[in-house]
Structures are given as C-alpha cells and as structure tokens.
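K.L.:
sequence unavailable; structure follows:
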C-alpha cells in the first residue's frame, strides 16, 4: 500500500486559492461550543464554578433553587437536540448528581443522597455534597 503524504499548509493555500479565508471560517463554524467547569456548592448558596473552558456566548449563571436543585442560565445557549450534558466524576458513595437541559436558557443540576429503607431505594434532595464536580456542556452547530 502506498504511503499518503498530507499536503502542507502552504500547499493547501495554493489548492484553495482565493477561497482560503472562507474555508477557514467554514471550519471554525462547525466546531461545537464547550463549557467545562468544576462545580462546588455549600449550604443554600448557588454553586460556584471554576471554569476550565467556555466557548459559549457568555458565562453561565448558577443559582440555588431548593435543596439539591440548582440551575445554570444563559439566554438561548442550550439548543434542543444539539446539547450534550456530561458529569465527569460522580459524587461517590450514595450521593448522586444529574444534569439535564430544562429549556433553551436553562440546565438543571440535582444532587441526591440515596438510601435504602425496607428494600425501597429513596433519593433525598441534598445540599452541600458537591465539591469540584466535573461538568461538560457541549452545544453542536
């Protein structure tokens, strides 16, 4: 099988010619937008985010709603059927977190402590159980 040699950047510029700048813009516009952060929450305070990457239009504003329920808000940022939400490190033990898209403007994070009473699994919404919870939001074009 013959070895393929990829063209160099100057060769690509020659091949594309006058459309090179448009080609680069087209490549940039198909890239997904990412928000990666470590969230920590205590008491009844809103989660605080250590933002590692934010390609979205602005910062996500995190708010406390009720025990174990928090929202992240950014206008028109979370497109239906094009938003992927991931939690990296889970909380461990009987603590559980979930992240869901609530609307085009809001994602909702819930934290629960799980318990088993008389063979029934129960989830109790609980504050102050996340420290550096790794979240990733990807919005595809």
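P.N.:
Right, received. Where do you want to start? As the structure is a prediction and not an experimental result, all values here were calculated from the model. Numbering: from 1, shown residues only.

K.L.:
avg pLDDT for stretch 129-141?
P.N.:
Averaging pLDDT along stretch 129-141 gives 95.

K.L.:
neighbouring strands for the strand ranked longest in the chain, and are they parallel or not?
P.N.:
Looking across the chain with DSSP state E, the single longest strand is strand 106-117. The strands beside strand 106-117 in its sheet (DSSP bridges) come out as strand 69-73 (antiparallel), strand 95-101 (antiparallel), strand 120-125 (antiparallel).

K.L.:
and that strand, how far from the chain's centre?
P.N.:
The chain centroid and the centroid of strand 106-117 are separated by 18 Å under C-alpha atoms, centre = their mean, to the nearest Å.

K.L.:
try stretch 112-131
P.N.:
Taking mean C-alpha positions (C-alpha atoms, centre = their mean), stretch 112-131 and its chain are 24 Å apart.

K.L.:
which residues sit against it?
P.N.:
Applying C-beta atoms under 8 Å, 6 or more residues apart in numbering, the external contacts of stretch 112-131 come out as 39-44, 47, 66-69, 91, 94-97, 110-111. For the C-beta atoms, the positions are set from N, CA and C on the backbone; glycine is no exception.
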